[in-house]
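Peer 1: Build me a model from this:
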Amino acid sequence: MAFPKLIAVDLDGTFFDKHQQVNAHKFTKLLDYLDERDYHFVAATGNDRATVDRFLAPFVGRFDYVVQNGGQVITKDNKELALHSLSREHMEIAMKAVAESPLSPGHGNVYSTATNGYMLRADKGQGELYHHMVAEFPNLIFIDSLDEITEPVVKIIVNWPEVHAETFMAQLNRELAGTAHVTTSGFGMIDIVAPNINKAVGLQELGAYYGIEPEEMAAFGDGGNDIEMLRLVGHPFAMTNAAQPLLDEFPPTVSDNNHDGVLDTIGTWQ
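Peer 2: Model prediction:
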């Protein structure tokens, strides 16, 4: 196959190992190869930019971003190409759905903007996964009302008991009636983003900017929020540790995320 001009990679469960680390030597070699050809590496993730930069700190400035599940698109030289925000109505529907459910979420709703995360003060400390949100948003801002959020909200993060997550997603999709996109990265994590927004949309926006067609792209993923971008690109790959629906539809990598599956698969192209 011709070497892709753009390689988009999900992070957790795909590029990162179980310690959220990456093989720095192999990654540096790949980035050098891409830079020599003016090709692109894209971090395509549900995480926000600050989290990506924290984990990939030595490589910042050498990759592009499709973050917040397509809600925000930024070039490696820091040009924001897109910011897709949610309406106040979407936020209120999500808040109401969580409040009225008999189940207990893993943490309070997080309202993620381009630069910050917000949580209602009433939810502070609640849920067994609250500490994960504090780790992801070290400067988490606590508010008494959604009125206090004065910047566009790109994504709402909800965590639900995993066995009930699909049912709750279906409920949210019904209540939002196609006016928002509800997706999951597994483990009960549910993201609500703007209507018709996903990682594939973000890749199309990057492709339009760089003059790269989808068939000239490759992508790697492991979860439900990766399906759209895998279907878009010319060279899709599911991690060997991916959810079964992805493995049923896309070619597998040479190994899993704990054994450099992405980088070693790319190594077979060079």
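Peer 1: quick one, what contacts the residue of the chain most remote from its centre?
Peer 2: What lies farthest from the middle of the chain is P102; by Cα atoms, centre = their mean that is 28.0 Å. Under the criterion of Cβ atoms under 8 Å, 6 or more residues apart in numbering, P102 has no neighbours. Quick note: C-beta positions are derived from backbone N, CA and C, even for glycine.
Peer 1: Relative to R174, how far out is it?
Peer 2: As judged by Cβ to Cβ, to the nearest Å, P102 and R174 stand 17 Å apart.
Peer 1: Could you give the average pLDDT over whichever strand or helix holds E89?
Peer 2: Per DSSP states H and E, E89 falls inside helix 88-100. Throughout helix 88-100, pLDDT has a mean value of 88.
Peer 1: other SSEs contacting that helix?
Peer 2: strand 107-113, strand 153-159, helix 162-176 (3 or more Cβ pairs under 8 Å, 6 or more residues apart in numbering; DSSP states H and E).
Peer 1: which residues of the protein fall in strands?
Peer 2: Listed in chain order, the strands of the chain (DSSP state E) span 6-9, 40-44, 64-67, 72-74, 80-83, 107-113, 117-120, 141-143, 153-159, 181-186, 189-193, 217-221, 235-238.
Peer 1: will you turn these into a markdown table that also has mean neighbour count, distance to Y130 and mean pLDDT?
Peer 2: A markdown table is the format used below for the strands of the chain (neighbours: other Cβ atoms under 10 Å; distance: least, Cβ to Cβ, whole Å; pLDDT from 0 to 100):
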| stretch | mean neighbour count | distance to Y130 | mean pLDDT |
| --- | --- | --- | --- |
| strand 6-9 | 25 | 29 | 98 |
| strand 40-44 | 25 | 26 | 98 |
| strand 64-67 | 26 | 22 | 98 |
| strand 72-74 | 24 | 24 | 98 |
| strand 80-83 | 16 | 27 | 98 |
| strand 107-113 | 24 | 5 | 95 |
| strand 117-120 | 21 | 9 | 96 |
| strand 141-143 | 14 | 12 | 97 |
| strand 153-159 | 25 | 9 | 94 |
| strand 181-186 | 21 | 18 | 84 |
| strand 189-193 | 25 | 14 | 92 |
| strand 217-221 | 28 | 27 | 98 |
| strand 235-238 | 24 | 32 | 98 |
